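Visitor: Structural data only, the sequence is not supplied:
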């Protein structure tokens, strides 16, 4: 590290804001110097009391006009994030872009242009490719242990959106702020991991997205989605998402992969174990591969690997290179999501045309 980067944390109403702030506070070569939120005065007052040496701002424009900083943690509602990201890029500020990145993929285009023109480093925070198990699976794919990729499946079934469980008033579950249901809120995580594993893009989508529980009014507010994915290399993918569980806190989520020479199962996602079967190993063909997942209390995700991914953004700024997951990576995941909603509305297979 050649210099300490000054960081500003923007947005306090996002559900991940607290954990991300704690992450930024422990990054090597980073000093948190400011906080900004234009909607929650009480949260801003509390932050001011907890961090007396930092400056607090009630508008992004005031922050940019009066505070000297190099790096930002941007955690805003999806309808606000691309506009704020563009302002940061035009001001020469690098940033972590917490999901959801945008309501519609096209809303990111002015931000992406400013990012490119000003050589801004953006970490689009769909972090699964940084997990040791996903990296381990990627190595098995690249070294041929699983053969030619054939198909993969990912799913997330989690708690219903309804009063008493997940409040429909929350910014994450409203059409005006989020712009979609569970596929929009969480689908980018899985799509980004799939892109990383296969090393190519989704070429076409066929989807069924429905408000089966029904407490999120709006055009694309799905409680359940079944998405068929065609990848450029011929792999067939399936993504199944649902706000379906009637008991708070229960989840059913994982990822499976099949190739000509073997298969892999990571269940639940986030665990330290990858279950693998491969003809290349002979007998026994089945193995459980364990990965180290050191704890890091208080930070978002509670694991060291998640801190390492953000630390890589800091290193990328110093080395003038791209971070692990770029703004374009995030944009392309959102393009696929938009095409899935179009497919569901029209009943057609939709080809994905990438414009960035």
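Guide: Yep, that arrived. Computed from a predicted model, the values in this text were never measured in an experiment. Numbering: from 1, shown residues only.

Visitor: The residue nearest the centre of the chain: what's it in contact with?
Guide: In the chain, the residue lying closest to the centroid (Cα atoms, centre = their mean) is residue 126, at 2.3 Å. Counting by Cβ atoms under 8 Å, 6 or more residues apart in numbering, residue 126 touches 99, 188, 189, 191, 192, 193, 325, 329, 330, 333. Yep, even glycine has a C-beta here, placed from its N, CA and C like the rest.

Visitor: same question, residue 291
Guide: Counting by Cβ under 8 Å, 6+ apart, residue 291 touches 132, 133, 136, 272, 273, 274.

Visitor: got TSV for these, with secondary structure too?
Guide: Shown next, in TSV, are the contacts of residue 291 (DSSP: H, G, I helix; E, B strand; the rest coil):
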residue	secondary structure
132	helix
133	helix
136	helix
272	coil
273	strand
274	strand
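
Visitor: now the residues you listed in JSON lines, with neighbour count and pLDDT?
Guide: Compiled in JSON lines, these are given as follows (neighbours: other Cβ atoms under 10 Å; pLDDT from 0 to 100):
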{"residue": "132", "neighbour count": "18", "pLDDT": "98"}
{"residue": "133", "neighbour count": "22", "pLDDT": "98"}
{"residue": "136", "neighbour count": "17", "pLDDT": "98"}
{"residue": "272", "neighbour count": "15", "pLDDT": "97"}
{"residue": "273", "neighbour count": "14", "pLDDT": "97"}
{"residue": "274", "neighbour count": "22", "pLDDT": "98"}
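
Visitor: returning to that earlier point: quick check: chain neighbours aside, which residue is closest to the residue nearest to the centre of the chain?
Guide: Leaving aside its chain neighbours, residue 126 sits nearest to residue 192 (3.9 Å; criterion: Cβ to Cβ, 6 or more residues apart in numbering).

Visitor: just checking, the one you found touches residue 130?
Guide: No: at 10.5 Å, residue 192 does not count as touching residue 130 under the criterion of Cβ atoms under 8 Å.

Visitor: Can you show me the helices along the stretch 151-300 of the chain?
Guide: With DSSP state H, counting those that start in this stretch as the criterion, the stretch 151-300 of the chain has helices at 182-198.

Visitor: Where does the prediction get shaky in it?
Guide: Residues of the stretch 151-300 of the chain meeting the criterion pLDDT under 70: none.

Visitor: between residue 192 and residue 130, what contacts are shared?
Guide: With Cβ under 8 Å, 6+ apart, residue 192 and residue 130 have common neighbours residue 325.

Visitor: Neighbours of residue 288, how many?
Guide: 10 (other Cβ atoms under 10 Å).

Visitor: For it, which residues are in contact?
Guide: Residue 288 touches 273, 274, 275, 276, counting by Cβ under 8 Å, 6+ apart.

Visitor: is it in a bridge, and if so with what?
Guide: Taking DSSP bridges as the rule, residue 288 bridges to residue 275.

Visitor: list the contacts for residue 241?
Guide: With contact taken as Cβ under 8 Å, 6+ apart, residue 241 is in contact with 155, 156, 157, 182, 183, 186, 187, 222, 224, 225, 227.

Visitor: so how far is residue 339 from the first one?
Guide: Translated: residue 155. For residue 155, the distance to residue 339 (Cβ to Cβ, to the nearest Å) stands at 19 Å.
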